[in-house]
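Participant: Here's a sequence, model it:
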Amino acid sequence: MSDTAETELAFDHDDQKRLYNYVERHGECTYDGLEAAMPLSPRGIRHHVAILQRDGFLRVDDEAVTVAFDADVAAETHRSDGIEVVVRPARQGDLSGLVGAIRQVADDRTYIEAESVADIVDHEEVLLRHNDVEERMFFVATVDEAVVGWVHLVGSELAKLAHTATLTVGVIDAYQGHGIGGYLLERGLEWAASRGYEKLYNSVPATNDAAIGFLESRGWEREARRADHYQLDEAYVDEVMMAYRL
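Facilitator: Numbers count the residues shown, from 1 in each chain. Purely as a prediction, here's the structure:
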């Protein structure tokens, strides 16, 4: 028996499953793109997309077809020191700004896990994933529509670890000190609880005192330490695994 989590999505028709999987892998599609890629008539594609939209699998905005993975989660607006910050589910159009924000935060190589997230997303060119073996969610913090921070969660595909998820969170330098990281972290915890996760992990180099202090001040605990796990600038640095129970 496979160890992958039994999270198979249920569709009414094989063509609907093929359409959903194609959109999920590509992040965002147009009807023209679907018609060029799928062995279905234009009418058939529009019919199946309409059904998938009705059933909450896909969403359509101005001919752009995307996965409707928690797309109905409301945006939240926060004001701090004269700055208006919107925290909302990420959209495919946020990809370049989000990757840029993650890379800026990870630029000093003190947040290796976030750096890996940026590499994966940049390579796949897809933000949200929701398929039979993986779900990956991002919330972004925006100021004047520009991405200034994020929280990212990804669930394990192994049934034995299906109650756990990995989280990363960060805010670019220019917007730190306004409580944005706390807003994002709280949104990530709420989402994880709503999806049935019981435990979250976030691993950072032991030299990243700011990240460790931020998480500990919000109830996270140091669960494990791996000696000499990272090699940064020719020096070996321990990894600290932070954990939070929901």
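
Participant: What is the least confident helix or strand in this protein?
Facilitator: Sorting the helices and strands of the chain by mean pLDDT, DSSP states H and E puts strand 129-130 at the bottom, at a mean of 88.

Participant: Counting by contacts, list what the helix or strand following that one packs against.
Facilitator: Under the assignment DSSP states H and E, the closest C-terminal helix or strand after strand 129-130 is strand 135-143. Other helices and strands packing on strand 135-143, by 3 or more C-beta pairs under 8 Å, 6 or more residues apart in numbering; DSSP states H and E, are strand 83-89, helix 95-105, strand 129-130, strand 146-155, helix 180-194. Where C-beta positions appear, they are placed from N, C-alpha and C, glycine not excepted.

Participant: switch to 6 Å and redo it
Facilitator: Where contact means 3 or more C-beta pairs under 6 Å, 6 or more residues apart in numbering; DSSP states H and E, strand 135-143 is packed against strand 83-89, strand 146-155, helix 180-194.

Participant: Mind listing residues that contact the first one?
Facilitator: When contacts are taken as C-beta atoms under 6 Å, 6 or more residues apart in numbering, the neighbours of strand 83-89 outside the stretch itself are 70, 73, 75-78, 139, 141-143, 178, 180, 183, 187.

Participant: and that strand with strand 135-143, angle?
Facilitator: 160 degrees (axes from the mean of the first three to the mean of the last three C-alpha atoms, to 10 degrees).

Participant: List the buried residues of strand 83-89.
Facilitator: V85, V87, R88, P89 (16 or more other C-beta atoms under 10 Å).

Participant: Low-confidence ranges, this structure, go.
Facilitator: By pLDDT under 70, the low-scoring segments of the chain are 1-8, 71-72, 157.

Participant: mind redoing it with 80?
Facilitator: Scanning the chain for pLDDT under 80 picks out the ranges 1-9, 69-72, 108-109, 132-133, 156-159.
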